[in-house]
Every structure is written in C-alpha cells, then in structure tokens.
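Engineer: here is a sequence with its predicted model. Questions after.
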Amino acid sequence: MTILCIGRATFDLGYACPSYPQEDGKLSATHFWAGAGGSALNGAITARALGSEVRLFTLLGAGSFAEAVRGELARYGVPFEDFADPAGEVLPVSSIIVVPDGGTRTIIDQQPPQAVARAVPDAACLDGVDVVYCDGFLPEIAVPLARAARERGIPVVLDGGSWKPWTGDLIAQVDHAVVSERFHPPGQGGANILDAVQALGPSVAAITRGPGLISWSDGAERPDIVPPQVDAVDTLGAGDIFHGAYCHFLAAGENVADALTHAAEVAAQSCRHFGTRAWIEARRAA
C-alpha cells in the first residue's frame, strides 16, 4: 500500500497551559513539545505508523526549522521531496496553546511569503501509488497530479479544512472529499453540505465534526458514524491524523464506512496525548 501525500509542512511549538494567557502577563506551561507539523506531513506520518508506504511532496526550504523537519521525517521513515527553493526560508512556524481541560487549542502562525513549487513532477511519480492524499495546499502540484491520478483510476482524497481560492480546481479532480464542518463551498447558500460537495466532483463526501457525528454520502443516504468518546487533552492535529488514517484504511481495501470508522478511532486515541506523535509511541508500546 503506497500513499502519495501532497501539501503542507510546518514546524510547531506546543504549550499545554492551565488556562489561556492574559494580556501583558506570564504563564508557565505544564507541558511543552516541538516538532514537525502540517496537515499533509502529519497525515503521511500517520499512514506510515499504521503500516502504509508513503511519500510526501511538500515545501521545506532552508533554515534550522526545515532541517529539524527533515530529521523527523527520517526518524519516522517518511521519504519526501522538497519542491521549495533550497535557499529560501519558506517553512511556516506555529505556536500552539493547549488547555487540557477539553483539549481546545489556539494556534498562532508565522507565515513567510507565499512560496510556489519550483517544479511539477511528471505523472510517472504515480507509478505504484494506491491513494493520493491532498490537504488543499500546494495546488500547482496537487491539481495536475490529482487529475492524472483520476485518469489512472487512483483514488484521490481531499482533506478539506477550509475553502481556498484554488479549491474549486482541486476538488473537481477528487474522488473522496473528507471536509470539516467549517468547509463551505461559495455560492451554496443553505444547500446540504454533502450534496454541495458532491456536486463539485467527488463521488464520496464526508463531514467531520471533532467529537461529533461524521456524516457521509456516496450518492445514497447513509447512517452517521459515531466516533469514540475519549477524555481529550489535546486535539492538535487530530484532523490530519484522521485523514492519514482514512487513506491508510482505504488503500488497504476497506469500504468507505469502515475506513471512516477506523480513522475516527485512531484520531480519538491521538487526542489522549499531547502533540501529534505521542499516540504513535503509545501504540507501539501497547
């Protein structure tokens, strides 16, 4: 099972705090972590931890944070290709404050100037690929490769966190759109979100709602999926983990309902730990 992941990488600084900091004050964190982040990167590491072979196409560039991300990808056995200018510092850096009581988090992004991939890989990179996962970023690579994958009959999965200026071009090439409840296609008014998403091209649409019900459709009315309820201490990256797990189970041959169910189980377990990697170590130790 090989999954090609296309999209975003970041470097994250995470702080677990008893409450949110007040203006002009100081607050001591009870837990701190730092490491690679970003939806496509987290999805790739998730699928690899579950047993899939993966490849990651992303932008890293130069600088100490980018080097740290490269090291983490190597530790988790995720081969990658960096399409950034090797001399440019393009990696976003985020600071995340987590309040463990309920696991809510606030993210502050440092966004460098918008970078564009320096090259677009040939469709031959799809040889041997079972699923293509796009997180909605890096459209100059994601759109043509999604189109080529669809022509080859390779399922394309979209992680739809929010609508972006190029999302319409990408979603038209997608087979499975698994979107958050904040994903609102423009001009749809009060239309059913599943119908609205499927009208844009995907044959399968699903909506995740954190710990809430997962609604989905493959053209027929389907029952909602109830995710496991856990005592969450940190929800950071749970959506990324969900999508990486969904791609893994889909590549393994599971049907949509089972893949969504099992992905929800993995994502729920990740929320029991701080950061986006501790769940992997807990899984290995079990």
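Structural biologist: The structure has been received and is ready for your questions.
Engineer: got the residue ranges for the strands in the stretch 51-200 of the chain?
Structural biologist: Along the stretch 51-200 of the chain, the stretches classed as strands by DSSP state E, counting those that start in this stretch are 53-58, 80-82, 93-99, 104-110, 131-134, 156-160, 176-180.
Engineer: tell me the average confidence for the second one?
Structural biologist: Mean pLDDT, computed over strand 80-82, is 97.
Engineer: repeat for the fifth one
Structural biologist: Mean per-residue pLDDT for strand 131-134: 98.
Engineer: who touches it?
Structural biologist: Outside of strand 131-134, the residues that reach it under the criterion C-beta atoms under 8 Å, 6 or more residues apart in numbering are 1-7, 40, 43-44, 47, 126, 142, 145-146, 149, 154-159, 170, 174, 243-244, 247, 250-251. In this view, the C-beta of every residue, glycine as well, is placed from N, C-alpha and C.
Engineer: mean pLDDT lowest where, among the strands of the stretch 51-200 of the chain?
Structural biologist: Within these, the stretch with the lowest mean pLDDT is strand 104-110, showing a mean of 82.
Engineer: same for that one, what does it pack against?
Structural biologist: With contacts taken as 3 or more C-beta pairs under 8 Å, 6 or more residues apart in numbering; DSSP states H and E, strand 104-110 sits against strand 93-99.
Engineer: buried sites along the strand it packs on?
Structural biologist: Buried residues in strand 93-99, defined by neighbour count with 16 or more other C-beta atoms under 10 Å: V93, S94, I96, I97, V98, V99.
Engineer: what's the answer for stretch 81-94, then?
Structural biologist: Neighbour-count burial for stretch 81-94 [16+ other C-beta under 10 Å]: D82, F83, A84, G88, E89, V90, L91, P92, V93, S94.
Engineer: farthest-separated two in those residues?
Structural biologist: Across these, the longest distance by C-beta to C-beta is 20.6 Å; it joins F83 and S94.
Engineer: need the buried residues of strand 93-99 in CSV (columns: distance to D218).
Structural biologist: Written out in CSV, the entries for these read as follows (distance: C-beta to C-beta, whole Å):
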residue, distance to D218
V93, 39
S94, 35
I96, 35
I97, 38
V98, 35
V99, 37
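Engineer: wait, which of those is closest to T235?
Structural biologist: Distance to T235 across those (C-beta to C-beta) is lowest for V98, with 8.0 Å.
Engineer: which among the strands of the stretch 51-200 of the chain is found nearest to L27?
Structural biologist: strand 93-99 (8.7 Å).
Engineer: list the strands paired with the closest one, with their directions.
Structural biologist: Next to strand 93-99 in the sheet, as set by DSSP bridges, lie strand 10-16 (parallel), strand 104-110 (antiparallel).
Engineer: show me what contacts G14?
Structural biologist: With C-beta under 8 Å, 6+ apart as the criterion, the residues that contact G14 are H31, F32, W33, A34, S95, I96, V98, D234, L236, F274, G275.
Engineer: ugh, typo on my part, it should be G43
Structural biologist: Contacts for G43 were tallied using C-beta under 8 Å, 6+ apart; they are C5, Y133, D135, D159, D240, I241, H243, G244, C247.
Engineer: whichever of those end up buried, select them in PyMOL.
Structural biologist: Selecting only the buried members of the contacts of G43 in PyMOL, with burial defined as 16+ other C-beta under 10 Å, works like this:
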select buried, resi 5+133+135+159+240+241+243+244+247
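Engineer: can I get the contacts of G43 in TSV with distance to A16?
Structural biologist: Converted to TSV, the contacts of G43 look like this (distance: C-beta to C-beta, whole Å):
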residue	distance to A16
C5	27
Y133	29
D135	25
D159	25
D240	19
I241	18
H243	24
G244	23
C247	29
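Engineer: between the contacts of G43, which is nearest L213?
Structural biologist: Nearest to L213 among these is H243, at 17.5 Å by C-beta to C-beta.
Engineer: pLDDT at the closest one, what is it?
Structural biologist: 98.
Engineer: find the nearest non-adjacent residue to it, please.
Structural biologist: Distances taken as C-beta to C-beta, 6 or more residues apart in numbering place D159 nearest to H243, at 4.3 Å, with adjacent residues excluded.
Engineer: for V233, which non-adjacent residue is spatially closest?
Structural biologist: Excluding the flanking residues, the one nearest V233 by C-beta to C-beta, 6+ apart is P100, at 4.3 Å.
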